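Colleague: Provide a 3D model corresponding to the input given below.
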Amino acid sequence: MTLIKFQKPQTALNNVNNKFTTVSPLFDTLIEDFFGGMRPEMNSLVPAVNILETNEMYKIELAAPGLTKSDFKINLDGKNLIIAAEKNQENKTENSNYALREFSYSNFKRSFNLPDLVNFDEITAEYRDGILHLTIPKREEAKLKTREIKIS
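Modeller: Next comes the predicted model:
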């Protein structure tokens with residue numbers, strides 16, 4: 001009988017402190033392949049963000065489909081912009097002998113450290129088509145001035 005040392009393939013999931021392990025690394029690999037690497041500690045999803053900087057402002061676009069504008073809370077704590085959302089949904093059936101009853105609870109929180117050159121009093125937000133749009137204007141003195149320099 002020949003023993004072959006099994007080396008677990010290196011994946012992005014291996015870099016996380018795994019709370020779930022079995023006796024056999026081969027079985028761990030099979031479980032990861034079957035369940036797509038889903039782990040309970042990795043099920044929380046944070047929405048993707050696009051940040052655009054122009055000469056006049058910053059624009060933040062946060063993808064959060066399925067929410068309403070009342071689900072969001074946007075706060076400014078010093079120079080930290082905190083965007084949080086919470087949605088509770090309960091699907092009930094009128095019959096007390098239900099075969100299926102689903103509860104859904106989701107939330108997230110993102111925070112951004114804003115630079116000093118931001119005009120904190122004029123930050124605006126709008127939610128449309130599943131995307132939260134924030135406009136963060138810069139102060140006048142922070143905007144780059146352009147001018148032509150004459151050569152003498």
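Colleague: in stretch 135-152, what counts as buried?
Modeller: I136, P137, K138 (16 or more other C-beta atoms under 10 Å). C-beta: built from backbone N, CA, C; applies to glycine.
Colleague: Any regions of the chain where pLDDT drops low?
Modeller: Scanning the chain for pLDDT under 70 picks out 1-45, 89-104.
Colleague: redo that, cut-off 50
Modeller: 8, 10-19, 37-43 (pLDDT under 50).
Colleague: Okay, helices next: where are they in this protein?
Modeller: 25-35 (DSSP state H).
Colleague: Break down it into its strands, ranges please.
Modeller: Assignment of strands within the chain using DSSP state E yields the ranges 49-53, 57-63, 72-77, 80-91, 102-113, 124-128, 131-137.
Colleague: what's the last one in contact with?
Modeller: For strand 131-137, the surrounding residues in contact (C-beta atoms under 8 Å, 6 or more residues apart in numbering) are 56-65, 72, 74, 81, 83, 114, 118-119, 122-127.
Colleague: Burial check on L81, number of neighbours?
Modeller: Close neighbours of L81, defined as other C-beta atoms under 10 Å, add up to 22.
Colleague: so what's it bridging to?
Modeller: Bridge pairing for L81 (DSSP bridges) gives the partners L76, F112.
Colleague: What of L134?
Modeller: Going by DSSP bridges, L134 is paired in beta bridges with I60, A125.
Colleague: any residues touching stretch 113-130, and which ones?
Modeller: By C-beta under 8 Å, 6+ apart, stretch 113-130 touches 58, 63-69, 72, 74, 76, 79-81, 132-139, 141-142.
Colleague: ok, now with 6 Å
Modeller: 65, 69, 74, 79-81, 133-139, 142 (C-beta atoms under 6 Å, 6 or more residues apart in numbering).
Colleague: again, but for stretch 66-85
Modeller: K87, F108, K109, R110, S111, F112, N113, L114, A125, Y127.
Colleague: The spatially closest residue to the fifth one that is not a sequence neighbour and R139, how far apart?
Modeller: The one in question is S111. Using C-beta to C-beta, 6 or more residues apart in numbering and skipping residues adjacent in sequence, the residue nearest S111 is I82, 4.7 Å away. I82 sits 21 Å away from R139, going by C-beta to C-beta, to the nearest Å.
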